[in-house]
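Trainee: Need a 3D model of the sequence below.
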Amino acid sequence: MSNSVKFLQTFHKHTIITRDFCKALDAADILEPMQTNVALNSGAKFSLPGLLCATREKLKALSAGTLETLFAADYLELIYLHMHSLNNLDELLQSAQARQAVRQ
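Mentor: Here you go, the predicted model:
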């Protein structure tokens, strides 16, 4: 089997996993709209609206049955990774700005 076919099979598999995960998050009602504001070193500012983020408060409010369902599907780990990644958003932006400054 060629590398291209393997790649496409893996991509398709992960697309289905992602779709099912998103459906589970929607069904659990733990996503909240979020907007982040970005201020670049150049002084430029912009907003990133339309983000959907899981919150600790929504996760804590879930019923035992919903938590069990998310746990059984291995989604709780993904939810915590998502929430942790949000904490790194500022660091990611600072790193991108530093790389941009080096290129100039």
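
Trainee: Now for the closest residue to Pro33 other than its chain neighbours, how many residues are close by?
Mentor: Leaving out its chain neighbours, the residue that sits closest to Pro33 by C-beta to C-beta, 6 or more residues apart in numbering is Leu52, at 6.3 Å. Glycine gets a C-beta too; all of them are placed from N, C-alpha and C. Residues lying near Leu52 (other C-beta atoms under 10 Å) number 13.

Trainee: wait, what's in contact with Leu52?
Mentor: Taking C-beta atoms under 8 Å, 6 or more residues apart in numbering, we find Leu52 in contact with 31-34.

Trainee: Show me which of those are buried.
Mentor: Leu31 (16 or more other C-beta atoms under 10 Å).

Trainee: Quick check: the gap between the residue nearest to Pro33 and Gln94.
Mentor: Using C-beta to C-beta, to the nearest Å, Leu52 is found at 24 Å from Gln94.

Trainee: same question, Ala24
Mentor: Distance from Ala24 to Gln94, by C-beta to C-beta: 33 Å.

Trainee: And the lengthiest helix in the chain, what does it pack against?
Mentor: Secondary structure of the chain per DSSP state H: the longest helix is helix 3-28. Helices and strands touching helix 3-28, as assessed by 3 or more C-beta pairs under 8 Å, 6 or more residues apart in numbering; DSSP states H and E, comprise helix 64-72, helix 75-87.
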